[in-house]
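Enquirer: Quick one, fold the following:
(one chain, ligands or ions: 1)
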Amino acid sequence: MSRQLPEQESASTPAFYHELVDSTEKGFAFRQRYWLRSYLGYTPVRDALPNTTHYALAALQYSSIIPKLITQNVDGLHHKALSSVWNTAHKQERILELHGSLHKVHCSHGHVMDRATFQDRLSAANPEWKTYVDELEATGQRPRTNPDGDVELEGIAYDSFRVPECATCLAENRHNSILKPELIFFGESIRQDVRDRSYADIEHCSRLFLVGTTLATYSAFRLLRHALELKKPVLMLNIGPTRADPLSGLEKIEMSSRIVMRDAVRAVLGSRVDDDPIIERMLRSGVVQPPSEDD
Ligand SMILES: [Zn+2]
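Expert: Residues are numbered from 1 along each chain as shown. Predicted coordinates for the structure are as follows:
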């Protein structure tokens, strides 16, 4: 849970979401810019691999020690760590993406498509930009990206980029190019069903384990507060100050998850690690990264 978004449900947040779904000329230009950046930045998002913490948590999920996982991450890496053992429906049932996912796109009428499919549609609509992306990939170059998969560009004209219309809307005789990724943006509320499910997960759990989050977003913080109100035992693994620090009733370990998680999971699972080749493999998998500040 390392990704941090600004507080979600405040009326004073910047109007980024409103620009993205704006049906005027201005909104059209905004989406052109947004989707061009996203188009160019998609390859590293698509190719990102889970780290050792993702796999250690996956081992606990697979062993049913962690029946439900709520993540603030939007990169889909918790899903990827379980891709060889769980199908899509199983992953959706066990993992809740509180702030959405980079891997889905939806139109303003609620039609959803896979981000990879949308990438193909963007390529088809913009052959000249596809050539540019192909060249980048062929030479091993990558545009500079931020964690959202957005690209920093200089001197590139956005107005040549074409955002395709939603195919489902088109089949219903409606022109609609108001498409956005299934992410929570500035000024956008978390969907009611996601919010309800996050509360239900907290209410049904026997205990809560928080990994790598400062709980800067209110949507995550209020779940912790709810767990404490219900007298659930809470353990937090995080380095540095967090929004939860003034609260009483939780235990905190100031260590990097990337350093301790594998060994901790080995200790929890004991002989199951050697008895189950899937768990054993999970605890050997994952990109090893140096601990970061918010890890
Ligand atoms: Zn549509």
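Enquirer: Spell out which residues make up each domain of the protein.
Expert: 16-47+102-183, 52-99+190-282 (automatic domain parsing).
Enquirer: between those domains, which one is nearest to Gln289?
Expert: Set against Gln289 and scored by CB to CB, the domains of the chain come closest in domain 52-99+190-282, at 6.4 Å. All C-beta spots, glycine's among them, are computed from the backbone N, C-alpha and C.
Enquirer: distance between the closest one and the chain's centre?
Expert: 14 Å (CA atoms, centre = their mean, to the nearest Å).
Enquirer: Against which helices or strands is the longest helix that the chain contains packed?
Expert: In the chain, assigned by DSSP state H, the helix with the most residues is helix 25-40. Counting contacts by 3 or more CB pairs under 8 Å, 6 or more residues apart in numbering; DSSP states H and E, helix 25-40 packs against helix 16-20, helix 115-125, helix 127-138, strand 179-183.
Enquirer: Tabulate those (TSV), appending distance to Leu96.
Expert: As requested, the helices and strands packed on helix 25-40 are exported to TSV (distance: least, CB to CB, whole Å):
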stretch	distance to Leu96
helix 16-20	21
helix 115-125	19
helix 127-138	32
strand 179-183	13
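Enquirer: Residues touching stretch 78-87, excluding its own?
Expert: Applying CB atoms under 8 Å, 6 or more residues apart in numbering, the contact partners of stretch 78-87 are 48-50, 54-55, 57-58, 61-62, 69, 71, 91, 94-95, 278, 282, 285-286.
Enquirer: Narrow the residues you listed to those in helices?
Expert: 54-55, 57-58, 61-62, 91, 94, 278, 282.
Enquirer: winner for burial among the helices and strands packed on helix 25-40?
Expert: strand 179-183 (a mean of 20; mean count of other CB atoms under 10 Å).
Enquirer: now that strand, how far from the chain's geometric center?
Expert: 12 Å.
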